[in-house]
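Student: let's see this in three dimensions:
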Amino acid sequence: DVGFVRVIGKGNKERLVPIGSSAIKYIGLYVAHVRVHQAIQKGEEDILFLNRRGKRLTRVMIFLIIKDLVKKAGINKTISPHTFRHSFATHLVEGGADLRAVQEMLGHESITTTEIYTHLDREYLRKTLEQFHPGFQQKNAGSA
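Tutor: Now for the predicted structure:
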């Protein structure tokens, strides 16, 4: 099962992004058990995630929530909402997703912006192989 969520991004640009059955399930639980108890300010009825005053979460608030969760998880990296966006796009492209579909989901006007996700850093790939592939370094010591 796939559903769609309406996302309003930079410049008030609107797009529909597909979500899977697991996300649909948990959004349903959130709406039924959490959201139903929240105050909702006039004009915010269609907004999924609200703050304590019943208004939409701002970009800054989402960043602060993520920062707090990262700290609680013991992760010593800076992770932002953009990190999730970048990881999402990278996984789609690496999994063989159509670049135009990724472009649409990210809301990029130009395919050139989306193509950034197709350019993998060769040095990063080499270091990953050295670190995680048993015997790679010994077998390929003389190769470049």
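Student: low-scoring stretches of the protein, by residue?
Tutor: 120-125, 137-144 (pLDDT under 70).
Student: just the helices in it please.
Tutor: Assigned by DSSP state H, the chain shows helices spanning 21-33, 59-72, 81-94, 99-106, 111-115, 122-132, 136-139.
Student: can you add mean neighbour count and give these back as TSV?
Tutor: Quick note: C-beta positions are derived from backbone N, CA and C, even for glycine. Converted to TSV, the helices of the chain look like this (neighbours: other Cβ atoms under 10 Å):
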stretch	mean neighbour count
helix 21-33	11
helix 59-72	12
helix 81-94	14
helix 99-106	16
helix 111-115	14
helix 122-132	10
helix 136-139	11
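Student: among those, which comes closest to Asn12?
Tutor: Among the helices of the chain, helix 59-72 comes nearest to Asn12, with 13.1 Å by Cβ to Cβ.
Student: for the closest one, name the packing helices and strands.
Tutor: With contacts taken as 3 or more Cβ pairs under 8 Å, 6 or more residues apart in numbering; DSSP states H and E, helix 59-72 sits against helix 81-94.
Student: packing partners of the helix it packs on?
Tutor: Using 3+ Cβ pairs under 8 Å, 6+ apart: helix 81-94 touches helix 59-72, helix 99-106.
Student: outside of it, which residues touch it?
Tutor: Arg59, Ile62, Phe63, Ile66, Leu99, Ala101, Val102, Met105, Leu106, Thr114, Tyr117, Thr118 (Cβ atoms under 8 Å, 6 or more residues apart in numbering).
Student: ok, now with 7 Å
Tutor: Ile62, Phe63, Ile66, Leu99, Val102, Leu106, Tyr117, Thr118 (Cβ atoms under 7 Å, 6 or more residues apart in numbering).
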